[in-house]
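Asks: give me coordinates for this.
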Amino acid sequence: MSIYVGNLSYQVTEEDLKQAFAEYGTVSRVQLPTDRETGRPRGFAFVEMESDTQEQAAIDALDGAEWMGRDLKVNKAKPREDRSSSPRSSWGGGNARRNNNNRY
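Replies: Next up is the predicted model:
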């Protein structure tokens, strides 16, 4: 299981998250996605802990809690959707309009 942590401050670091979640058990992994263009955090993260019990304790304690000036959204992470099944994929990702080589 993985925990989704949303509404994070853009100043948060992986170390900040490790420290916050360590109060509820052993943190085994933290993923803090960053924006490709700016390199700054995107405002959410994923945290994995040693056991489901520890993860549930963290979710129960931190969901809705105020941290670094923001009200956190903490819950079980949902499985990542397969992007190839989106309706846009059949249109070439929307690039057809920008490519002058396409003939209609």
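
Asks: before we move on, what SS does the residue most central in space within the chain have?
Replies: By C-alpha atoms, centre = their mean, the mean C-alpha position of the chain lies nearest to residue 45, the distance being 3.6 Å. Following DSSP: H, G, I helix; E, B strand; the rest coil, residue 45 is assigned to strand.

Asks: go ahead and confirm it touches residue 7.
Replies: No. Residue 45 is beyond contact range of residue 7, at 10.6 Å (criterion: C-beta atoms under 8 Å). For the C-beta atoms, the positions are set from N, CA and C on the backbone; glycine is no exception.

Asks: could you identify the longest helix within this protein?
Replies: With secondary structure taken from DSSP state H, the chain has its longest helix at helix 52-62.

Asks: what about the strands in this protein?
Replies: For the chain, strands defined by DSSP state E occupy the ranges 3-6, 27-31, 44-49, 66-67, 70-71, 73-76.

Asks: need those strands in CSV (columns: mean pLDDT).
Replies: Formatted as CSV, the strands of the chain follow (pLDDT from 0 to 100):
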stretch, mean pLDDT
strand 3-6, 98
strand 27-31, 97
strand 44-49, 98
strand 66-67, 96
strand 70-71, 97
strand 73-76, 97
